[in-house]
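In: build the 3D model from these lines:
(2 chains)
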Amino acid sequence: MARVAFARHLYRFFPALEGREIRVKAATVAQAVAELERQFPGLAFYLVDEQGKLRQHVNIFIEEELVVDRERLSDSIQPETRLYVMQALSGG
Amino acid sequence: MPQRKPQRKPSRSKSPGSGPSRIILGTRKGTIILERGRTGWKAGKLAHGGVAVSYAARDERTGTWWAALEHGHWGPKLSRSADGEKWEDAPQIKYPEGTRYIDGYLNDDGSAAGVEAAMASAKPLRPKLVKASLKKIWYLGFGASDQPGRICAGTMPGGVFVSNDNGDTFELNMPLWNHSSRGGDLSQGECLGAKTFWFGGGAGVNGEHTPGIHSIFFDPRNSRRWFVALSCAGVLETSDDGKTWQGRNKGLLATFLPKPDVEWGHDPHYVMLSKNAPNHVWMQNHCGIFYSADGAQSWKMVSKEGRTAHFGFPVAADENDGKTAWVVPGIADDKRMAVGGALCVAHTQDGGKTWEELRKGLPQENAFDVVYRHALDIKGDALAFGSTTGNVYFSANRGKDWISLGYNFPPVYSVRFA
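Out: Predicted coordinates:
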């Protein structure tokens, strides 16, 4: 299962994310976000809008590569992929 | 050089008279609740620290506190609290799948078409359709006394989300979303020929502009009759609890358009009716102050360019005397600053025929304050407002005397007695 790490700013709103390894069974980033929502209700709406589009100031990295499909998150992931949910530092 | 702000302790300002004992601020850096004790007003209970709060208010019917958050990264969220101290994410407002709106027009090759060229073309308009996603929760309107669970949220892009269960669930009002003034039902296909008269609007925290709904008010005599106002299109009324909507813009002037007396395209900044004289409705508009004595069926401009009371954002209507209202003027749309570097509240008691300038206790030099549309409130004889430069003022006697409740708040987006 893919492992997911989060920007620490999200711990404020989802304390359960802190200090544990989060794993999701998913073949795409979109499926990973859906699985995260199942484990942590409300989390998906912090990462994507109601159309499933990655929020403008949120980045998801697949290993060290930035996700390509920000509209539908169709980028594929492997069972041992590491995902990083980060803030996009737009604004300096 | 501007003078330094006075350094006295604002949190202990003594307050004359009686009246409301709590004020909730929505600010650029969180929700702040001010409370009045025996020694005066005291600022405390910061919530959502560091997060922009576009609107915050307490529903008197249930005692629930509400805050509309604008996270810089994580999107708009609705937050609520039973006691003003412990807050939690409320069930979130989301646009249903398939909701789209017009954001310009396209040429046949998909490139952006100039609006004027598109309008002049003999071909049917090809609208650029954008899937709706929540940019901002701009206002929360609490329903009439016979609708105990009714809460309406005004949003960007321009929607009204209605809850009848105290905010546990919200549903987008589709007749307004599909109104003919914005192109009708846009949920299917290319919608060739569809045209919107809504434009401009406020900005979300990320600077995205879409038309948005900032005023929602209910007729206390008939809760099935209510109104919304938005920037930019104007005012709409429903008399069947949201099933159908009619424009109510007769008499308004949009002086930024080639034809100022258009049906649509007006920019009300905020609209409020007199609670106990609901035929009297007040509007601070981009183009001046407008007043209606017939329940928004027609409007009359009651201000003049060049006078102090003309441009601004908020308006407060007296609860009982429909001809009485207050505004906080700015210079003009191209100079959004206090008039003459002096902060004043303008007050009319005759339906806008004359305006009195209330200045006692307000800074009369080196003031740059602008007061946003939701940052002036009234309750009985009490008034309070907050400014973009972080000053908050309170009057217990209808604006005759003002005291500061603090000089160093973040930019203030909303002020509501709680």
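In: report the buried residues of the particular helix or strand that has residue A:38 in it.
Out: Here residue A:38 sits within helix A:29-39, counting by DSSP states H and E. Neighbour counts over helix A:29-39 (16 or more other Cβ atoms under 10 Å in any protein chain shown) mark A:29-37 as buried. For every residue, glycine as well, the C-beta is placed using N, CA and C.
In: show the pLDDT at the spatially closest residue to residue B:60 that is not a sequence neighbour.
Out: Using Cβ to Cβ, 6 or more residues apart in numbering or on different chains and skipping the chain neighbours, the partner closest in space to residue B:60 is residue B:142 (7.4 Å). With respect to pLDDT, residue B:142 scores 96.
In: gap between residue B:142 and residue B:151?
Out: To residue B:151, residue B:142 is 6 Å away according to Cβ to Cβ, to the nearest Å.
In: the residue nearest the centre of chain A: what secondary structure?
Out: For chain A, the residue nearest the mean C-alpha position is residue A:85 (4.5 Å; Cα atoms, centre = their mean). Here residue A:85 is recorded as strand under DSSP: H, G, I helix; E, B strand; the rest coil.
In: quick check: bridge partners of it?
Out: Counting by DSSP bridges, residue A:85 is bridged to residue A:6, residue A:60.
In: surely it meets residue A:5?
Out: Yes. Counting by Cβ atoms under 8 Å, residue A:85 touches residue A:5, with 7.2 Å between them.
In: pull the contacting residues for the residue nearest to the centre of chain A.
Out: Residue A:85 is in contact with A:4-7, A:10, A:47, A:58-60, counting by Cβ atoms under 8 Å, 6 or more residues apart in numbering or on different chains.
In: before we move on, back to that, ok, residues contacting the helix holding residue A:38?
Out: Contact with helix A:29-39 is made by A:2, A:4, A:22, A:24-26, A:43-44, A:47-48, A:52, A:60, A:62, A:67, A:69, A:72-75, A:77, A:83, as judged by Cβ under 8 Å, 6+ apart.
In: so which residues on chain A come close to chain B?
Out: A:9-10, A:13, A:42, A:45-47, A:49-51, A:53, A:55-58, A:87-88, A:91 (Cβ under 8 Å from any Cβ of the partner chain).
In: how does it look with 10 Å?
Out: Contact residues (Cβ under 10 Å from any Cβ of the partner chain) of chain A with chain B: A:7, A:9-10, A:12-14, A:41-43, A:45-53, A:55-59, A:71, A:86-91.
In: which of those residues fall within strands?
Out: Assigned to strands by DSSP state E, the following of the residues of chain A next to chain B qualify: A:58-59, A:86-87.
In: returning to that earlier point: quick one: the contacts of residue A:85 as TSV, columns for neighbour count and pLDDT too.
Out: What follows is those, written out as TSV (neighbours: other Cβ atoms under 10 Å in any protein chain shown; pLDDT from 0 to 100):
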residue	neighbour count	pLDDT
A:4	22	97
A:5	14	96
A:6	20	96
A:7	15	93
A:10	21	95
A:47	24	98
A:58	20	96
A:59	19	96
A:60	22	97
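In: pick the one among those residues closest to chain B.
Out: The shortest approach to chain B among the contacts of residue A:85 belongs to residue A:58, at 5.8 Å (Cβ to the nearest Cβ).
In: test my guess that that closest one contacts residue B:73.
Out: Yes. If you go by Cβ atoms under 10 Å, residue A:58 and residue B:73 touch, sitting 5.8 Å apart.
In: any buried residues in the biggest helix by length in chain B, and which?
Out: Looking across chain B with DSSP state H, the single longest helix is helix B:115-120. By neighbour count with 16+ other Cβ under 10 Å, helix B:115-120 contains the buried residues residue B:118.
In: what are the contacting residues of it?
Out: B:104-107, B:112-114, B:124-128, B:195, B:199 (Cβ atoms under 10 Å, 6 or more residues apart in numbering or on different chains).
In: hmm, which of the residues you listed is lowest in pLDDT?
Out: Lowest pLDDT among the contacts of helix B:115-120: residue B:114, 78.
In: you'd agree it is up against residue B:104?
Out: Yes. Using Cβ under 10 Å, residue B:114 is in contact with residue B:104, at 9.1 Å.
In: the more surrounded of the two?
Out: residue B:104 (15 against 11; other Cβ atoms under 10 Å in any protein chain shown).
In: model confidence for residue 64, exactly?
Out: You didn't pick a chain, so chain A it is. 93.
In: not quite, I wanted chain B
Out: pLDDT recorded at residue B:64 is 96.
In: neighbours of the closest residue in space to it that isn't next to it in sequence, how many?
Out: Nearest non-adjacent residue to residue B:64, counting by Cβ to Cβ, 6+ apart: residue B:80, 5.7 Å away. Neighbours of residue B:80 under the rule other Cβ under 10 Å: 17.
In: for chain B, what helix or strand is lowest in average pLDDT?
Out: helix B:115-120 (a mean of 74; mean pLDDT, DSSP states H and E).
In: now the element after that helix, going C-ward?
Out: As the chain continues past helix B:115-120, the following element, by DSSP H and E, is strand B:127-131.
In: CA atoms only for the helix or strand that comes right after that next one, dumped as CSV, please.
Out: Following strand B:127-131 in sequence order, the next helix or strand is strand B:136-142 (DSSP H and E). Extracted in CSV, the C-alpha atoms of strand B:136-142 (Å, rounded to 0.1, in the frame of the first residue of the first chain):
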residue,chain,number,x,y,z
LYS,B,136,-15.9,32.1,-0.7
ILE,B,137,-18.7,32.0,1.8
TRP,B,138,-19.5,35.7,1.9
TYR,B,139,-22.5,35.9,4.1
LEU,B,140,-24.8,34.0,6.4
GLY,B,141,-28.4,35.0,6.7
PHE,B,142,-30.5,33.6,9.6
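In: just the pLDDT for the closest residue to chain A within the stretch 251-400 of chain B.
Out: Closest to chain A within the stretch 251-400 of chain B is residue B:388: 19.4 Å, counting by Cβ to the nearest Cβ. pLDDT recorded at residue B:388 is 96.
In: for residue B:249, give me its contacts.
Out: Taking Cβ under 10 Å, 6+ apart as the contact definition, residue B:249 lies against B:229, B:233-236, B:261-266, B:268, B:290, B:296, B:298-299.
In: do the same with residue B:142
Out: Listed by Cβ under 10 Å, 6+ apart, the contact partners of residue B:142 are B:57-62, B:64, B:66, B:148, B:150-152, B:166, B:216, B:218.
In: then residue B:221?
Out: B:144, B:278-279, B:295.
In: so for it, what's the pLDDT?
Out: 94.
In: report the secondary structure state of it.
Out: Here residue B:221 is recorded as coil under three-state DSSP.
In: any idea how far chain A is from it?
Out: Residue B:221 sits 36 Å away from chain A, going by Cβ to the nearest Cβ, to the nearest Å.
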